[in-house]
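**Q** okay, predicted coordinates and the sequence, questions at the end:
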Amino acid sequence: AMDDYLPRSFTIRGRRLVYSQGIYVVAALAGLLLIQFGGVTDRLIPLFAVGAFLAFTLSQFGMVAHWRRVRGPGAIHSMLLNGLGAIATAVTVVVVLMAKFVEGAWVTMLLIPAMVALMLAVKRHYDRVAAATDSPSPLELTAFSPPLVLVPIDRWNQVCKKAIQFALNISPDVTALHVDCGETPDDLCALWDKYVGVPSREVGLPEPKLVTLPSPYRLIVGPVLDYVLNYQKKNPQRQIAVVLPELVERRWYQYLLHNQRPAMLKAWLYVRGNQNTVVINVPWYFNG
């Protein structure tokens, strides 16, 4: 993990100054092996033998390469000694594989290449991320412009009001998005000028716009997502901030009583958004 061949979180020490995450993963994998082999530890010996002698073989061949590169007094003698050890342990690996193949040695033939492939894939991912995020240029502080802010809202309440207030703090160009499913009378449009337009004009702020998105099939997240994506295409040079009002409960089970549309919308924006889109959560804490 320190060399980027496993997730970097494996390098974080826990409260007891040990690599807790690695311990949990190893314990879980060991438990799976015990379950797979019915708890009979004797059946795990072929797996251990192949893994251990393969490690010996690779380390001995590594020392051969080391002495060949370093040279110096005694290098030939050490190279021959390590080469002999590598051959002996390699023969042992082959013998164990052939003799104990059916008894479980086949597992290591699948797991070891799979683990190597996994580590190489993790390394390639970290290399790609490093290449894509590397920026040797200084901070660009020219051509500043406030973002275009979109605020999806359901109805007028404290949660919505806090999000609109926050949006006006970061930009004069605020658009509220409201999905109309056509099932119940929509009071938001009637209340918008009274609760938003009039207070904005009184203090000289640009009035936030209200865009109603029709949804005859009663979809909520889809119409908002489509509007945001189209907004991106129409404003390719502008930063777009999607401000998500979110009710935060104090107890975990209370989340089951409310829809999780902000989380769903945020997840879809992460998947289908681009570098010009910023997602901002504005929490309203319920203390009941």
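**A** Perfect, I can see it now. Numbering: from 1, shown residues only.
**Q** can you tell me the SS state at residue 280?
**A** Of the three states, residue 280 takes strand under DSSP: H, G, I helix; E, B strand; the rest coil.
**Q** assess the claim that it and residue 242 are in contact.
**A** Yes - between residue 280 and residue 242 there is a contact under CB atoms under 8 Å: 7.0 Å. (C-beta placed from N, C-alpha, C; glycine too.)
**Q** so for the two, which sits in the more crowded spot?
**A** Taking other CB atoms under 10 Å, residue 280 and residue 242 do not tie; residue 242 has more neighbours (25 against 16).
**Q** and the next element down the chain from the helix or strand harbouring the more buried one?
**A** Using DSSP states H and E, residue 242 sits in strand 240-248. Scanning forward in sequence from strand 240-248 by DSSP H and E, the next helix or strand is helix 261-272.
**Q** ok, now which ones touch residue 221?
**A** Contacts for residue 221 (CB atoms under 8 Å, 6 or more residues apart in numbering) come out as 261, 264-265, 268.
**Q** of those, buried ones?
**A** 261, 265, 268 (16 or more other CB atoms under 10 Å).
**Q** need the helix or strand of the protein with the lowest average pLDDT.
**A** Across the helices and strands of the chain, mean confidence by mean pLDDT, DSSP states H and E is lowest for helix 187-192: a mean of 86.
**Q** any idea how far the nearest residue to residue 126 once chain neighbours are set aside is from residue 250?
**A** Of all residues not flanking residue 126 in the chain, residue 4 sits nearest, at 4.2 Å (CB to CB, 6 or more residues apart in numbering). The gap separating residue 4 from residue 250 is 39 Å, by CB to CB, to the nearest Å.
**Q** same check on residue 222?
**A** 31 Å.
**Q** same check, this time on residue 161
**A** The value you get for residue 161 to residue 250, if CB to CB is used, is 20 Å.
**Q** over to residue 201?
**A** 37 Å.
**Q** please apply the same query to residue 198.
**A** Residue 198 is 34 Å from residue 250, by CB to CB.
**Q** tell me where the protein has helices.
**A** 20-36, 45-70, 75-99, 106-133, 158-170, 187-192, 198-202, 221-234, 261-272 (DSSP state H).
**Q** check contacts around the residue nearest to residue 126.
**A** 122-123, 126-127.
**Q** which residue sits farthest out from the middle of the protein?
**A** Distance to the chain centre peaks in the chain at residue 73, reaching 51.5 Å (criterion: CA atoms, centre = their mean).
**Q** dump the residue contacts of that one.
**A** Residue 73 neighbours (CB under 8 Å, 6+ apart): none.
**Q** can you give me the pLDDT of it?
**A** If you check residue 73, the pLDDT there is 87.
**Q** residue 258: what's it in contact with?
**A** Counting by CB under 8 Å, 6+ apart, residue 258 touches 247, 249.
**Q** how close does it sit to residue 284?
**A** 12 Å.
**Q** and for the two, which residues touch both?
**A** Jointly contacting residue 258 and residue 284 under the rule CB under 8 Å, 6+ apart are residue 247.
**Q** tell me where the model's unsure across the stretch 1-150 of the chain.
**A** Nowhere does the stretch 1-150 of the chain drop to pLDDT under 70.
**Q** now with 80?
**A** 102-106, 140-144 (pLDDT under 80).
**Q** the closest residue to residue 90 other than its chain neighbours: what's it in contact with?
**A** Closest residue to residue 90 apart from its sequence neighbours, by CB to CB, 6+ apart: residue 57 at 4.7 Å. The neighbours of residue 57, taking CB under 8 Å, 6+ apart as the test, are 86, 89-90, 93.
**Q** ok, now with 10 Å
**A** 85-94 (CB atoms under 10 Å, 6 or more residues apart in numbering).
**Q** quick one: which of these is nearest residue 179?
**A** Using CB to CB, residue 93 is the member of the contacts of residue 57 that lies nearest residue 179, at 63.1 Å.
**Q** with adjacent residues omitted, what lies nearest to the closest one?
**A** residue 53 is the one closest to residue 93 (CB to CB, 6+ apart), at 4.7 Å.
**Q** how about residue 248?
**A** residue 283 (4.4 Å).
**Q** from memory the one you found sits against residue 250, does it?
**A** No - taking contacts as CB atoms under 10 Å, residue 283 lies outside contact range of residue 250: 11.7 Å.
**Q** tell me which of those two has more neighbours.
**A** Set side by side, residue 283 and residue 250 show more neighbours around residue 283, with 14 against 9, by other CB under 10 Å.
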